[in-house]
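> prediction below, plus the sequence it came from.
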Amino acid sequence: MFVGALELDVLLGDLRSLKQKRSVVRPLLADLRKRFDVSVAEAGHLDLHRRALVGVAVVAADGEHVRDVLDACERVVAERPELELLSARRRLLGPDD
């Protein structure tokens, strides 16, 4: 069993409230969940209007599949015009960890 985790630090557009932030972040989370069947949540910068830390997790029998899914999730976030991907950190745990 392999477990992969991805942290995406994103800068959102010109937002002035947490309500506007939710209107951008929630559809992003739903899209990732639906397209890739991953667990995803807003995991940081909860009190900031223009920043979000998105956490993605995936479990699979094959480490290559985990890497492919995390790569695809990162690409989808990076391609969204309403936000800017500032950084991406990933972790992969395998049977020997």
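On my side now, so go ahead. Numbers count the residues shown, from 1 in each chain.

> only C-alpha atoms for contact and neighbour calcs from this point on.
Will do.

> so which bits of stretch 34-41 are buried?
Within stretch 34-41, the residues scored as buried using 16 or more other C-alpha atoms under 10 Å are 38-41.

> same thing with stretch 67-84?
For stretch 67-84, by 16+ other C-alpha under 10 Å, it's 67, 69-70, 73-74, 77-78, 83-84.

> stretch 45-64 now?
49-59, 63.

> please enumerate the helices of this structure.
18-36, 63-79 (DSSP state H).

> about what we covered before: next, format the buried residues of stretch 45-64 as CSV and append pLDDT.
Converted to CSV, the buried residues of stretch 45-64 look like this (pLDDT from 0 to 100):
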residue, pLDDT
His49, 86
Arg50, 91
Arg51, 93
Ala52, 93
Leu53, 96
Val54, 96
Gly55, 97
Val56, 98
Ala57, 97
Val58, 97
Val59, 96
Gly63, 92
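
> just give me the closest of the residues you listed to Val3.
Val59 (4.6 Å; C-alpha to C-alpha).

> give me the neighbour count for the nearest residue to the closest one once chain neighbours are set aside.
Of all residues not flanking Val59 in the chain, Val3 sits nearest, at 4.6 Å (C-alpha to C-alpha, 6 or more residues apart in numbering). Per other C-alpha atoms under 10 Å, the neighbour tally for Val3 reads 18.
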